[in-house]
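Have a look; sequence and predicted model below, questions after that.
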Amino acid sequence: MNDYRPKDKAANFSFVFPALLIFSVFYIYPFFYSFVLSLHRSDGIFTYDFIGLAHFRDIFQDKAWWRSFYNGGFITFWALTFQNVLAFALALGVDKAIKTGKIYRVIFFILPVLSEIIIGLLMRTILLSEPGILNHWLNQIGFGFITRDWLAPNFALLTTALVHCWKGFGWAFIILLAGLQTIPEQLYEAAKIDGASYIQRFFKITLPLLMPVVSMVVVLTLLGTMQAFAMVLSLTRGTGRLTEVPVMIIYNHLRGNQVGLACAEGIILGAVLVIVSFGMFAFSKWIKDKT
Amino acid sequence: MIVKPKNLIGLILLHTFLISVALSCICPLFWMINSSFKTNEEFRNDYGLEPAEEFNLENYKKAIFDGDMGIYFLNSVFYTFITVFIIVIMSSLAAFAFSRLQFPGKDIILFIFLTAMMIPLPAGFVPVYILLNKLHLANRIGYVMAMSNMGLSLSIYLLKTFFDQIPRDLEDAASIDGCNKLGIWWNVGMPLVAPALAVVIIVNSLTVWNEFVLASLMFTNAKLMPVQVGLMEFYNKNVIDHTLLMASLAIAAIPIIIIYIIMQKHIIKGITSGAMVG
């Protein structure tokens, strides 16, 4: 069926054309357009003045921007450690308790399916000290001593990080569980016969075989968390600047008609993410080659 | 799989751990639904922590009819349905061509699509929004078009790997019987890649349904807002009416939870295979 007449080539090309058109207009063009915009002081409609790299110079001196990077990094740190360790522990547990595993799997994945806005607004209502649902409940069950204003400036960032982990762990759990279930049972049986302990089996079989999945989860967690926005917006509104994340700054600059600045910030964040994620892939490959 | 808990204590500890995490997931959702049935007086007394006395649907009526939640919801259904339909058609046509047909620039175009999956564009919404404004497309059509680009690369990749596995004999037979390429794509290809199509539909539906950033920039008119933007709007207008707020969140959440529970097998499979590719 593969003819090489020009007419056929054109007909064949028309299969790809719709996708290519949409992709060019909404991905390729915006990609380059944002570099052009980043060199201009522009509101996107009327003004359009070339200012070279001035935006980038300003951003590097902008404390609020790097503060947002720190905030994003803080949330990412919790997501990489707490969320993923919890997800890994749960995956190991469910993998074992295979009979009831299904129901846990269904429950843990409800939160990742729901939108960030629903989770953010729900937790905002529960956590705000007025009416103080969580605090009231903690008092009821005798944990009155840890009640506090969960979204107060000095605590909001940690709360945000924990809510993010709470929403996200089910996702990491599902992927790690899928990875665990690809490891053949016979390997464990053989190791058991050879007298390997649980710890030995975990470090000699589970972890090395799961390494590709783990490194993928790590990179995707990093990318997802550094670009978190809607959940933080709906949960805290930024709490002054204290829980502001990078995408929130970009969004607000766009809303404030500082389009060039927003593009420059997006380029910096994107470049950092590309470098870090490729660095992590290289690192995990290096570990794999060594072992 | 790794170790069979030898003793009862181990098993109890394991299940206590699993159940407590599971409860932490479900309880806030139950609290949300429970509170949504309460009147404000009831809520003030028990903080929504006691079971509701009756299924009082007043809050739902108020949210859907007075608070525009009904409109937001239908808008979301509309955007999701149209966008996913466009993605399915475009990506399956393209994937079929990448797998089966010859045309100039094929390898380069495929390479560009696949590279795009690996480059994060955290501020991609900025130039897209500016562009849509310039083209006077800051409306439903523009939004659907911009959204149908979001899952395109992944969908093409998933479908192409499936098309690659179809034996060519089937197509040869169809073409001998006088089927043209479009006919082969529709009659032979599409039924055979149905499992991958299910994944494409699920992953993209969730993406579009849950999208917030671009929609919040583009739709300032309440009549056009999808549910995620509408929820923020609704929250800001009714900050103090907690039971009404919970009803609005429940309206957005319950249909998704029901669909999820019915289709959880496919959804979990879809998300897993989507992530494994990325």
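Okay, I see it.

Please read off the pLDDT at residue B:180 from the model.
On pLDDT, residue B:180 comes in at 87.

neighbours around it, how many?
11 (other Cβ atoms under 10 Å in any protein chain shown). The C-beta positions use only the backbone N, C-alpha and C, and glycine is treated the same way.

Can you name the next helix or strand after whichever helix or strand residue A:186 is part of?
Element membership for residue A:186, per DSSP states H and E: helix A:185-193. Downstream of helix A:185-193, the first helix or strand assigned by DSSP H and E is helix A:198-201.

what's in contact with the following helix or strand past that next one?
As assigned by DSSP H and E, the chain's next helix or strand after helix A:198-201 is helix A:207-226. For helix A:207-226, the external contacting residues (Cβ atoms under 8 Å, 6 or more residues apart in numbering or on different chains) are A:72-73, A:75-76, A:79-80, A:83-84, A:87-88, A:164, A:168, A:172, A:175-176, A:178-180, A:183, A:187, A:245-246, A:269, A:272-273, A:276-277, A:280-281, A:284, A:287-288, A:291, B:120, B:122, B:275-276, B:278.

ok, which residues in the stretch 151-278 of chain B are in contact with chain A?
B:152-153, B:156, B:171-172, B:175, B:181, B:184-185, B:206, B:209-210, B:212-213, B:217, B:228, B:231-232, B:235, B:242, B:245-246, B:249, B:252-253, B:256-257, B:260-261, B:264, B:267-268, B:271-272, B:275-276, B:278 (Cβ under 8 Å from any Cβ of the partner chain).

Buried by neighbour count, from these: which ones?
For these, a burial check counting by 16 or more other Cβ atoms under 10 Å in any protein chain shown picks out B:152-153, B:156, B:171, B:181, B:184-185, B:206, B:209-210, B:212-213, B:217, B:228, B:231-232, B:235, B:242, B:245-246, B:249, B:252-253, B:256, B:260, B:264, B:267-268, B:271-272, B:275.

List the ones among these that fall in helices.
B:152-153, B:156, B:171, B:181, B:206, B:209-210, B:213, B:217, B:228, B:231-232, B:235, B:242, B:245-246, B:249, B:252-253, B:256, B:260, B:264, B:267-268, B:271-272, B:275 (DSSP state H).

which residues touch residue 56?
In the absence of a named chain, this looks at chain A. Per Cβ under 8 Å, 6+ apart, neighbours of residue A:56: A:38, A:264, A:268.

you looked at the wrong chain, it should be chain B
By Cβ under 8 Å, 6+ apart, the residues touching residue B:56 are B:37, B:38, B:39.

Report the buried members of those residues.
B:37, B:38.

Residue A:57 and chain B: what is the separation?
Noted for residue A:57: a distance of 18 Å to chain B, by Cβ to the nearest Cβ, to the nearest Å.

ok, how many other residues are close to that residue?
Applying other Cβ under 10 Å, I find that residue A:57 has 12 neighbouring residues.

Narrow the contacts of helix A:207-226 to just the buried residues.
A:72, A:75-76, A:79-80, A:83-84, A:87-88, A:164, A:168, A:172, A:175-176, A:178-180, A:183, A:245-246, A:269, A:273, A:277, A:284, B:120, B:122, B:275.

other SSEs contacting the helix or strand encompassing residue A:68?
Assigned by DSSP H and E, residue A:68 belongs to helix A:63-78. Applying 3 or more Cβ pairs under 8 Å, 6 or more residues apart in numbering or on different chains; DSSP states H and E, one finds that helix A:63-78 contacts helix A:156-180, helix A:207-226, helix A:246-255.

Can I get the ones you listed in a markdown table including distance to residue B:201 and mean pLDDT?
Shown next, in a markdown table, are the helices and strands packed on helix A:63-78 (distance: least, Cβ to Cβ, whole Å; pLDDT from 0 to 100):
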| stretch | distance to residue B:201 | mean pLDDT |
| --- | --- | --- |
| helix A:156-180 | 19 | 94 |
| helix A:207-226 | 22 | 90 |
| helix A:246-255 | 27 | 93 |
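
Ok, which of those helices comes nearest residue B:23?
helix A:156-180 (12.3 Å; Cβ to Cβ).

Longest helix in the chain, please.
No chain in the question, so chain A it is. Ordering each helix of chain A by length in residues (DSSP H) puts helix A:259-290 first.

right idea, wrong chain: chain B
Secondary structure of chain B read by DSSP H shows that its longest helix is helix B:69-100.

which element follows that helix toward the C-terminus?
helix B:106-118.

Report the mean confidence score over that following helix.
Per-residue pLDDT over helix B:106-118 has a mean of 89.

Residues contacting the host helix or strand of residue A:37, please?
Per DSSP H and E, residue A:37 falls inside helix A:29-38. Outside of helix A:29-38, the residues within contact range by Cβ under 8 Å, 6+ apart are A:44, A:55-56, A:259-260, A:263-264, A:266-267, B:121, B:123-124, B:126-128, B:130-131.

how about 6 Å then?
Helix A:29-38 has contacts (Cβ atoms under 6 Å, 6 or more residues apart in numbering or on different chains) with A:55, A:259, A:260, A:263, A:264, A:267, B:127, B:128.

mind listing what's buried in that helix?
For helix A:29-38, burial by neighbour count (16+ other Cβ under 10 Å) applies to A:30, A:31, A:33, A:34, A:37, A:38.

Please name the nearest non-neighbouring residue to the fifth one.
The spatially closest residue to residue A:37, leaving aside those adjacent along the chain, is residue A:263, at 4.3 Å (Cβ to Cβ, 6 or more residues apart in numbering or on different chains).

Residue B:125 is in contact with the one you found, correct?
No - if you go by Cβ atoms under 6 Å, residue A:263 and residue B:125 don't touch, sitting 10.7 Å apart.

Comparing the two, which residue is more hemmed in?
Higher neighbour count among residue A:263 and residue B:125: residue A:263, with 29 against 25, using other Cβ under 10 Å.

Contacts only, for that one.
Contacts of residue A:263 by Cβ under 6 Å, 6+ apart are A:34, A:37, A:38, B:126.

And the second one, what's its pLDDT?
It refers to residue A:37. So residue A:37 comes in at 91 (pLDDT).

Kindly confirm my reading that residue A:41 is in a strand.
Yes - under DSSP: H, G, I helix; E, B strand; the rest coil, residue A:41 sits within a strand.

Any idea how many residues pack against it?
Neighbours of residue A:41 using other Cβ under 10 Å come to 16.

now the one 4 residues further on
The burial count assigned to residue A:45 is 11, neighbours taken as other Cβ under 10 Å.

Kindly report the same for residue A:220.
16.

Secondary structure element holding residue B:175?
Counting by DSSP H and E, residue B:175 is part of helix B:168-176.

Could you tell me the average pLDDT over that helix, please?
85.

Cheers, nothing more for now.
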